[in-house]
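Requesting a structural model of the entry that follows:
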Amino acid sequence: MPRKRLLALVATAGLAIAGAAAAILPTVSADAAVACVPAYVSSQVYTGGQQASYNGHNWTAKWWTQYETPSTGGSGVWADNGSCGGSTGGGGGGTTTCNYPNWVAGQYYAVGAIVRYTNGLYYQATHENPGYDPTISTWFWSPYGCDGGGGGGGGGTTTGFVVSEAQFNQMFPSRNGFYTYAGLVDAMKKYPAFATTGSDTVKRQEAAAFLANVSHETGGLVYIDEINTANWPHYCDTSQPYGCPAGQSAYHGRGPIQLSWNFNYKAAGDALGVDLLNNPNLVATNSSISWQTGLWYWMTGTGNAGTTSHNAMVNGQGFGTTIRAINSIECNGGNPAQVQSRVNLYNQFVGILGVPAGGNLSC
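From the prediction side, this is the model:
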(Lines give C-alpha, C1' and ligand atoms only; values in the text may rest on other atoms or scores of the structure.)
Protein backbone atom coordinates (compact mmCIF):
# COMPACT_ATOMS: atom_id res chain seq x y z
CA MET A 1 0.00 0.00 0.00
CA PRO A 2 1.38 3.44 -0.88
CA ARG A 3 2.76 5.31 2.15
CA LYS A 4 0.52 8.40 1.66
CA ARG A 5 -2.68 6.30 1.58
CA LEU A 6 -1.60 4.43 4.75
CA LEU A 7 -1.06 7.68 6.64
CA ALA A 8 -4.44 9.00 5.49
CA LEU A 9 -6.21 5.88 6.78
CA VAL A 10 -4.43 6.15 10.15
CA ALA A 11 -5.43 9.80 10.45
CA THR A 12 -9.07 9.01 9.59
CA ALA A 13 -9.17 6.19 12.13
CA GLY A 14 -7.68 8.49 14.75
CA LEU A 15 -10.35 11.10 14.18
CA ALA A 16 -13.08 8.47 14.43
CA ILE A 17 -11.69 7.15 17.72
CA ALA A 18 -11.37 10.67 19.12
CA GLY A 19 -14.96 11.44 18.14
CA ALA A 20 -16.20 8.28 19.81
CA ALA A 21 -14.26 9.08 22.95
CA ALA A 22 -15.72 12.58 23.01
CA ALA A 23 -19.21 11.13 22.78
CA ILE A 24 -18.51 8.81 25.72
CA LEU A 25 -16.83 11.33 28.05
CA PRO A 26 -19.16 13.48 30.16
CA THR A 27 -19.41 17.14 29.42
CA VAL A 28 -17.93 19.38 32.13
CA SER A 29 -19.84 22.58 32.66
CA ALA A 30 -17.90 25.81 32.77
CA ASP A 31 -20.00 26.71 35.79
CA ALA A 32 -18.89 23.68 37.87
CA ALA A 33 -17.96 24.63 41.41
CA VAL A 34 -14.28 25.10 42.15
CA ALA A 35 -13.03 22.48 44.60
CA CYS A 36 -12.01 23.68 48.05
CA VAL A 37 -8.29 23.49 48.78
CA PRO A 38 -7.18 22.08 52.18
CA ALA A 39 -8.88 23.78 55.11
CA TYR A 40 -7.28 26.69 56.98
CA VAL A 41 -5.39 25.75 60.17
CA SER A 42 -4.79 28.68 62.54
CA SER A 43 -1.50 27.38 63.96
CA GLN A 44 0.00 26.74 60.51
CA VAL A 45 2.36 29.27 58.96
CA TYR A 46 1.30 30.43 55.49
CA THR A 47 3.70 32.24 53.17
CA GLY A 48 2.92 34.30 50.08
CA GLY A 49 1.07 32.27 47.46
CA GLN A 50 -0.06 29.44 49.73
CA GLN A 51 -3.78 28.66 49.75
CA ALA A 52 -6.38 27.55 52.29
CA SER A 53 -10.15 27.19 52.32
CA TYR A 54 -12.34 28.81 54.97
CA ASN A 55 -16.10 29.31 55.31
CA GLY A 56 -16.86 28.09 51.79
CA HIS A 57 -14.20 30.22 50.07
CA ASN A 58 -10.67 29.61 48.82
CA TRP A 59 -8.05 32.12 50.01
CA THR A 60 -4.45 32.94 49.03
CA ALA A 61 -1.93 34.40 51.48
CA LYS A 62 -0.19 37.53 50.15
CA TRP A 63 2.67 37.29 52.61
CA TRP A 64 3.73 35.44 55.79
CA THR A 65 0.90 34.95 58.26
CA GLN A 66 -0.08 32.83 61.25
CA TYR A 67 -3.11 32.93 63.55
CA GLU A 68 -4.99 35.33 61.25
CA THR A 69 -8.29 33.91 60.05
CA PRO A 70 -8.93 34.44 56.33
CA SER A 71 -11.13 37.47 55.75
CA THR A 72 -11.26 40.60 53.62
CA GLY A 73 -10.60 42.74 56.69
CA GLY A 74 -7.80 42.76 59.22
CA SER A 75 -4.30 43.30 57.84
CA GLY A 76 -5.36 42.39 54.29
CA VAL A 77 -3.00 39.41 54.18
CA TRP A 78 -5.62 37.13 52.61
CA ALA A 79 -6.98 37.42 49.06
CA ASP A 80 -10.46 35.97 48.53
CA ASN A 81 -10.42 33.66 45.50
CA GLY A 82 -14.17 33.18 45.55
CA SER A 83 -16.53 30.46 46.70
CA CYS A 84 -15.69 26.78 46.53
CA GLY A 85 -17.47 23.49 47.05
CA GLY A 86 -16.48 19.93 47.74
CA SER A 87 -12.94 18.85 48.47
CA THR A 88 -9.64 18.28 46.73
CA GLY A 89 -9.44 14.95 48.45
CA GLY A 90 -11.54 13.04 45.89
CA GLY A 91 -13.96 10.33 46.91
CA GLY A 92 -16.62 11.00 44.31
CA GLY A 93 -18.91 12.73 46.73
CA GLY A 94 -19.58 15.67 44.47
CA THR A 95 -19.87 19.22 45.72
CA THR A 96 -22.10 20.83 48.27
CA THR A 97 -23.68 24.22 47.71
CA CYS A 98 -25.85 26.52 49.79
CA ASN A 99 -29.17 27.88 48.61
CA TYR A 100 -30.62 30.05 51.38
CA PRO A 101 -32.35 33.44 51.27
CA ASN A 102 -30.49 36.71 51.62
CA TRP A 103 -30.35 38.28 55.07
CA VAL A 104 -32.75 41.21 55.52
CA ALA A 105 -32.14 43.79 58.23
CA GLY A 106 -35.12 44.16 60.55
CA GLN A 107 -36.73 40.86 59.56
CA TYR A 108 -37.55 38.38 62.34
CA TYR A 109 -35.48 35.17 62.36
CA ALA A 110 -36.23 32.10 64.44
CA VAL A 111 -33.56 29.85 65.95
CA GLY A 112 -32.03 27.70 63.19
CA ALA A 113 -32.77 30.09 60.33
CA ILE A 114 -29.98 30.21 57.72
CA VAL A 115 -29.27 33.28 55.61
CA ARG A 116 -26.80 34.50 53.01
CA TYR A 117 -25.11 37.69 54.19
CA THR A 118 -23.95 40.55 51.95
CA ASN A 119 -20.37 39.20 51.99
CA GLY A 120 -21.55 35.98 50.31
CA LEU A 121 -21.11 33.85 53.45
CA TYR A 122 -23.84 32.00 55.33
CA TYR A 123 -24.97 32.35 58.94
CA GLN A 124 -27.37 30.43 61.17
CA ALA A 125 -29.44 32.04 63.93
CA THR A 126 -28.40 30.61 67.31
CA HIS A 127 -30.97 32.82 69.08
CA GLU A 128 -34.14 34.36 67.68
CA ASN A 129 -33.66 37.99 66.71
CA PRO A 130 -35.31 40.86 64.83
CA GLY A 131 -32.83 40.92 61.97
CA TYR A 132 -29.58 41.81 63.70
CA ASP A 133 -26.40 41.99 61.60
CA PRO A 134 -24.76 38.50 61.62
CA THR A 135 -21.22 39.90 61.59
CA ILE A 136 -21.83 42.24 64.53
CA SER A 137 -24.43 40.52 66.72
CA THR A 138 -22.54 37.26 67.13
CA TRP A 139 -24.59 36.24 70.16
CA PHE A 140 -27.48 35.71 67.75
CA TRP A 141 -25.66 34.33 64.70
CA SER A 142 -22.94 31.76 63.94
CA PRO A 143 -21.14 31.05 60.64
CA TYR A 144 -22.74 28.19 58.72
CA GLY A 145 -20.94 25.78 56.37
CA CYS A 146 -22.66 24.40 53.30
CA ASP A 147 -21.86 20.90 54.52
CA GLY A 148 -24.28 21.53 57.37
CA GLY A 149 -21.59 22.47 59.84
CA GLY A 150 -22.69 25.46 61.86
CA GLY A 151 -21.10 27.43 64.60
CA GLY A 152 -22.76 25.56 67.41
CA GLY A 153 -25.45 26.77 69.75
CA GLY A 154 -23.20 28.95 71.80
CA GLY A 155 -23.73 32.40 73.10
CA GLY A 156 -21.36 34.71 71.32
CA THR A 157 -18.71 33.70 68.82
CA THR A 158 -17.49 30.41 67.44
CA THR A 159 -14.16 31.05 69.17
CA GLY A 160 -15.74 31.17 72.63
CA PHE A 161 -14.56 34.78 73.06
CA VAL A 162 -17.25 37.38 73.85
CA VAL A 163 -15.67 39.74 71.32
CA SER A 164 -16.20 38.75 67.69
CA GLU A 165 -13.55 39.31 65.04
CA ALA A 166 -15.77 41.95 63.44
CA GLN A 167 -16.02 43.80 66.76
CA PHE A 168 -12.27 43.46 67.29
CA ASN A 169 -11.63 45.01 63.88
CA GLN A 170 -14.12 47.77 64.70
CA MET A 171 -12.17 48.56 67.88
CA PHE A 172 -8.82 48.58 66.09
CA PRO A 173 -9.37 49.78 62.52
CA SER A 174 -5.71 50.81 62.06
CA ARG A 175 -4.03 48.02 64.00
CA ASN A 176 -0.71 46.49 63.06
CA GLY A 177 -1.26 43.16 61.28
CA PHE A 178 0.94 41.52 63.92
CA TYR A 179 -1.79 41.88 66.54
CA THR A 180 -4.18 39.28 65.15
CA TYR A 181 -7.54 38.27 66.54
CA ALA A 182 -6.60 34.61 66.12
CA GLY A 183 -3.41 35.21 68.09
CA LEU A 184 -5.42 36.64 70.98
CA VAL A 185 -7.90 33.76 70.93
CA ASP A 186 -5.04 31.27 70.92
CA ALA A 187 -3.36 33.08 73.84
CA MET A 188 -6.57 32.84 75.87
CA LYS A 189 -6.05 29.08 76.12
CA LYS A 190 -3.32 29.85 78.67
CA TYR A 191 -5.78 31.75 80.86
CA PRO A 192 -9.24 30.22 80.39
CA ALA A 193 -10.77 32.35 83.17
CA PHE A 194 -10.20 35.53 81.15
CA ALA A 195 -13.51 37.01 79.95
CA THR A 196 -15.35 33.81 80.89
CA THR A 197 -16.02 34.50 84.58
CA GLY A 198 -19.30 35.91 85.90
CA SER A 199 -22.35 37.10 84.02
CA ASP A 200 -22.35 37.85 80.30
CA THR A 201 -22.15 41.55 81.15
CA VAL A 202 -19.11 41.04 83.39
CA LYS A 203 -17.38 38.93 80.73
CA ARG A 204 -17.81 41.68 78.15
CA GLN A 205 -16.77 44.38 80.61
CA GLU A 206 -13.55 42.52 81.37
CA ALA A 207 -12.80 42.02 77.67
CA ALA A 208 -13.45 45.72 77.03
CA ALA A 209 -11.26 46.72 79.99
CA PHE A 210 -8.32 44.61 78.82
CA LEU A 211 -8.59 45.79 75.22
CA ALA A 212 -8.96 49.44 76.29
CA ASN A 213 -5.77 49.27 78.34
CA VAL A 214 -3.76 47.55 75.60
CA SER A 215 -5.12 50.02 73.05
CA HIS A 216 -3.83 52.86 75.22
CA GLU A 217 -0.44 51.17 75.67
CA THR A 218 0.07 50.56 71.94
CA GLY A 219 -1.64 53.48 70.23
CA GLY A 220 -4.54 51.35 69.07
CA LEU A 221 -2.50 48.15 68.57
CA VAL A 222 -0.19 50.02 66.21
CA TYR A 223 3.12 49.86 68.07
CA ILE A 224 4.89 46.61 68.99
CA ASP A 225 8.12 47.99 70.47
CA GLU A 226 8.44 50.88 72.90
CA ILE A 227 8.70 54.08 70.85
CA ASN A 228 11.30 55.83 73.02
CA THR A 229 14.44 53.91 72.12
CA ALA A 230 16.49 56.05 74.51
CA ASN A 231 14.80 54.17 77.36
CA TRP A 232 15.73 50.73 76.08
CA PRO A 233 19.00 50.36 78.06
CA HIS A 234 17.25 51.23 81.34
CA TYR A 235 15.28 47.99 81.80
CA CYS A 236 18.14 45.71 82.88
CA ASP A 237 18.13 45.11 86.64
CA THR A 238 21.70 43.89 87.17
CA SER A 239 20.94 42.88 90.77
CA GLN A 240 19.03 39.85 89.47
CA PRO A 241 21.15 36.67 89.64
CA TYR A 242 20.28 35.74 86.04
CA GLY A 243 21.29 39.17 84.71
CA CYS A 244 20.42 40.25 81.18
CA PRO A 245 21.71 37.49 78.88
CA ALA A 246 20.09 38.95 75.76
CA GLY A 247 21.82 42.31 76.26
CA GLN A 248 21.28 45.42 78.34
CA SER A 249 18.87 46.99 75.83
CA ALA A 250 16.89 43.83 75.11
CA TYR A 251 14.17 44.16 77.73
CA HIS A 252 12.32 47.28 76.60
CA GLY A 253 8.56 47.46 76.31
CA ARG A 254 7.03 45.05 73.80
CA GLY A 255 3.60 43.71 72.97
CA PRO A 256 0.07 44.67 73.95
CA ILE A 257 0.86 45.43 77.60
CA GLN A 258 4.40 46.68 76.81
CA LEU A 259 6.19 44.03 78.86
CA SER A 260 9.46 45.49 80.18
CA TRP A 261 12.37 44.74 82.57
CA ASN A 262 14.41 41.56 82.59
CA PHE A 263 12.67 40.25 85.73
CA ASN A 264 9.26 40.56 84.07
CA TYR A 265 10.47 38.76 80.95
CA LYS A 266 11.83 36.03 83.24
CA ALA A 267 8.60 35.73 85.24
CA ALA A 268 6.34 35.82 82.18
CA GLY A 269 8.46 33.25 80.37
CA ASP A 270 8.45 30.93 83.38
CA ALA A 271 4.66 31.18 83.63
CA LEU A 272 4.10 30.64 79.91
CA GLY A 273 6.71 27.94 79.38
CA VAL A 274 8.74 30.07 76.97
CA ASP A 275 12.34 31.24 77.50
CA LEU A 276 11.72 34.96 77.21
CA LEU A 277 14.77 35.87 79.27
CA ASN A 278 17.06 34.61 76.51
CA ASN A 279 14.63 35.28 73.66
CA PRO A 280 12.76 38.50 74.56
CA ASN A 281 12.11 39.35 70.91
CA LEU A 282 9.57 36.53 70.72
CA VAL A 283 7.16 39.05 72.24
CA ALA A 284 7.58 41.14 69.08
CA THR A 285 7.61 38.33 66.51
CA ASN A 286 5.04 35.74 67.67
CA SER A 287 1.49 37.08 67.89
CA SER A 288 0.19 34.42 70.28
CA ILE A 289 3.14 34.75 72.68
CA SER A 290 2.83 38.52 72.57
CA TRP A 291 -0.85 38.32 73.54
CA GLN A 292 0.01 35.73 76.19
CA THR A 293 2.32 38.21 77.94
CA GLY A 294 -0.49 40.75 78.02
CA LEU A 295 -2.87 38.23 79.54
CA TRP A 296 -0.17 37.04 81.96
CA TYR A 297 0.10 40.50 83.49
CA TRP A 298 -3.66 41.06 83.38
CA MET A 299 -4.34 37.82 85.25
CA THR A 300 -1.41 37.91 87.71
CA GLY A 301 0.01 41.43 88.03
CA THR A 302 -1.23 43.62 90.87
CA GLY A 303 0.94 46.73 90.68
CA ASN A 304 -0.18 49.08 93.46
CA ALA A 305 -3.81 48.00 93.25
CA GLY A 306 -3.53 45.11 95.68
CA THR A 307 -5.45 42.93 93.24
CA THR A 308 -5.18 41.75 89.66
CA SER A 309 -6.98 43.50 86.81
CA HIS A 310 -8.97 40.32 86.22
CA ASN A 311 -10.18 40.19 89.82
CA ALA A 312 -10.93 43.89 89.80
CA MET A 313 -13.36 43.45 86.92
CA VAL A 314 -15.04 40.22 88.02
CA ASN A 315 -15.38 41.41 91.64
CA GLY A 316 -16.94 44.75 90.75
CA GLN A 317 -14.04 47.02 91.74
CA GLY A 318 -14.28 48.77 88.41
CA PHE A 319 -12.12 49.84 85.50
CA GLY A 320 -10.23 52.40 87.58
CA THR A 321 -8.62 49.63 89.61
CA THR A 322 -7.18 48.08 86.43
CA ILE A 323 -5.40 51.37 85.69
CA ARG A 324 -3.90 51.33 89.18
CA ALA A 325 -2.73 47.73 88.64
CA ILE A 326 -1.12 48.52 85.28
CA ASN A 327 0.32 52.01 85.74
CA SER A 328 -0.43 53.51 89.14
CA ILE A 329 1.74 56.59 88.57
CA GLU A 330 -1.07 57.98 86.41
CA CYS A 331 -3.49 57.80 89.36
CA ASN A 332 -4.25 60.33 92.11
CA GLY A 333 -3.63 63.23 89.78
CA GLY A 334 -0.33 61.87 88.46
CA ASN A 335 -1.43 62.10 84.82
CA PRO A 336 -5.17 62.73 84.51
CA ALA A 337 -5.02 63.00 80.71
CA GLN A 338 -3.65 59.47 80.42
CA VAL A 339 -6.26 58.14 82.81
CA GLN A 340 -9.02 59.82 80.79
CA SER A 341 -7.62 58.33 77.59
CA ARG A 342 -8.00 54.84 79.06
CA VAL A 343 -11.51 55.61 80.36
CA ASN A 344 -12.60 56.97 76.96
CA LEU A 345 -11.42 53.80 75.23
CA TYR A 346 -13.20 51.62 77.78
CA ASN A 347 -16.46 53.52 77.30
CA GLN A 348 -16.08 53.16 73.54
CA PHE A 349 -15.47 49.42 73.73
CA VAL A 350 -18.30 48.57 76.13
CA GLY A 351 -20.52 50.49 73.73
CA ILE A 352 -19.43 48.23 70.88
CA LEU A 353 -20.10 45.17 73.06
CA GLY A 354 -23.48 46.50 74.19
CA VAL A 355 -22.97 46.51 77.97
CA PRO A 356 -22.85 49.28 80.61
CA ALA A 357 -19.47 50.55 81.81
CA GLY A 358 -20.21 50.13 85.53
CA GLY A 359 -18.80 52.36 88.27
CA ASN A 360 -15.39 53.42 89.57
CA LEU A 361 -13.99 54.20 86.13
CA SER A 362 -11.14 56.45 87.20
CA CYS A 363 -8.30 56.33 89.72
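
Quick one: the strands in the stretch 1-150 of the chain, in order.
Taking DSSP state E, counting those that start in this stretch, the strands of the stretch 1-150 of the chain run over residues 51-54, 57-61, 78-83, 114-116, 122-125, 141-144.

right, and residue 121 touches residue 143 too?
Yes: between residue 121 and residue 143 there is a contact at 6.6 Å, judged by C-beta atoms under 8 Å. To be clear about C-beta, it is placed using only N, CA and C from the backbone, and glycine gets the same treatment.

residues shared between the contacts of those two?
residue 55 (C-beta atoms under 8 Å, 6 or more residues apart in numbering).

you'd agree residue 331 is up against residue 340?
No: shown here, residue 331 and residue 340 do not form a contact pair, counting by C-beta under 8 Å, at 11.9 Å.

Can you pull out the low-pLDDT segments for the stretch 1-150 of the chain?
Scanning the stretch 1-150 of the chain for pLDDT under 70 picks out the ranges 1-33, 41-48, 63-64, 66-67, 72-75, 86-99, 111, 139, 145-150.

can you give me the helices in the stretch 251-363 of the chain?
Along the stretch 251-363 of the chain, the segments classed as helices by DSSP state H, counting those that start in this stretch run 262-272, 282-285, 287-300, 309-314, 319-327, 336-353.

any idea how far the nearest residue to residue 347 once chain neighbours are set aside is from residue 205?
In space, and not counting its chain neighbours, residue 347 is closest to residue 357: 5.5 Å by C-beta to C-beta, 6 or more residues apart in numbering. For residue 357, the distance to residue 205 equals 7 Å [C-beta to C-beta, to the nearest Å].

Looking at the two, which one has more neighbours?
For residue 357 versus residue 205, the count of surrounding residues by other C-beta atoms under 10 Å is larger for residue 205: 27 against 18.

ok, the more buried one touching residue 313?
Yes: contact between residue 205 and residue 313 holds when scored by C-beta under 8 Å: they sit 5.9 Å apart.

which residues are common contacts for these two?
What both residue 205 and residue 313 touch, as defined by C-beta under 8 Å, 6+ apart, is the set residue 319.

doesn't residue 209 make contact with residue 314?
No: at 10.3 Å, residue 314 does not count as touching residue 209 under the criterion of C-beta under 8 Å.

neighbour-wise, which of these two wins?
Neighbour count, other C-beta under 10 Å: between residue 314 and residue 209, residue 209 has more, with 29 against 20.

burial measure for the nearest residue to residue 168 once chain neighbours are set aside, as a count.
Of all residues not flanking residue 168 in the chain, residue 181 sits nearest, at 4.7 Å (C-beta to C-beta, 6+ apart). Counted by other C-beta under 10 Å, the residues lying close to residue 181 total 27.

I appreciate the help and will end here.
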